[in-house]
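# give the three-dimensional model of this entry:
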Amino acid sequence: MSAIYCTASQVAEFLQVANFSGSTTPTTAVVESFIEMAQERINQLTDHAWNSDATTRGNVTEERVRIQRVDQGSGVNVRGRLQLRHFPIMALDNGQGDIMNIWESSSYVDYLHPSNSKTGSGTPTDIVGKDYWQDTTRGLVYINNFHTINNLLSSPSDVDAYVTYRYATATTPADIKLATIYFTAATIAMNDDLNLMQEGDDSMDNATKSQKFEDMAMKILKDNKRLDRKFTMSRSIGGFGVGRSTL
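Prediction:
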């Protein structure tokens, strides 16, 4: 991982100290390692990745998915809907190592592999003549003619699909950047031996400052609802639900 969510200079600006360098305590390299630890902590707390850079984006291997049947109003067709755990997702792409194995009555078929001749769409509106289409923003994938190809025959271990994919918010949001700065500053401030934080009779000690920074980082994540990332579908249909529903 690299220091992506914020920079060492932004942490220095926050702490109101001179820019870090190879000769400061801590050095730029050490501060960047603190940033990387803060990034990973935020990723774990939010169950997400907040930049599409190859070093920070999230990767899922063979996520087990149930497919929900969605009836068209005409009753002519039944589509399948997959709700992936992480969203936004990056475009499902066989060339990037993504896999979408869908159970088709007797075997799993990788809809992304060119050898299976499945036609897909990267948008939820380009659906005519497509076997599947993606809503990357919401982590949804729709399978056309799901009733015809599957008819809800039991899949092995009740796993209708295995999906390998990448996910991330393309550009780091401002609140995530600020939370990363606070977490990094907390790590720096808690080390009294660094003598980085100036203390006086009318100021907080370093330990107290560190805890304040920690609390502010968590408050930012909570206030912006980053700790409970849920997407509510229309008519209260849960993305992980199975069974029949109507669009």
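
# sketch out the low-pLDDT regions of this structure for me.
71-77, 147-153, 192-203, 231-247 (pLDDT under 70).

# what domains does the record give for it?
The record's domain split for the chain, according to automatic domain parsing, is 8-55+180-223, 58-167.

# so for P173, which of the ones you listed sits nearest?
Comparison of the domains of the chain against P173 by CB to CB identifies domain 8-55+180-223 as nearest, at 6.6 Å. In short, each C-beta sits where N, CA and C put it, glycine included.

# how far does that closest one stretch from start to finish?
Here the two ends of domain 8-55+180-223 are set 25 Å apart, with distance taken as CA to CA, to the nearest Å.

# which stretches of this protein form helices?
Per DSSP state H, the chain carries helices over the ranges 8-15, 28-46, 146-149, 174-189, 206-223.

# distance to R166 and mean neighbour count added to these, as JSON lines?
Converted to JSON lines, the helices of the chain look like this (distance: least, CB to CB, whole Å; neighbours: other CB atoms under 10 Å):
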{"stretch": "helix 8-15", "distance to R166": "27", "mean neighbour count": "18"}
{"stretch": "helix 28-46", "distance to R166": "14", "mean neighbour count": "18"}
{"stretch": "helix 146-149", "distance to R166": "24", "mean neighbour count": "16"}
{"stretch": "helix 174-189", "distance to R166": "18", "mean neighbour count": "23"}
{"stretch": "helix 206-223", "distance to R166": "23", "mean neighbour count": "16"}
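
# format the domains of the chain as JSON lines; extra columns: distance to K230.
Rendered in JSON lines, the data for the domains of the chain read as follows (distance: least, CB to CB, whole Å):
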{"stretch": "domain 8-55+180-223", "distance to K230": "11"}
{"stretch": "domain 58-167", "distance to K230": "10"}
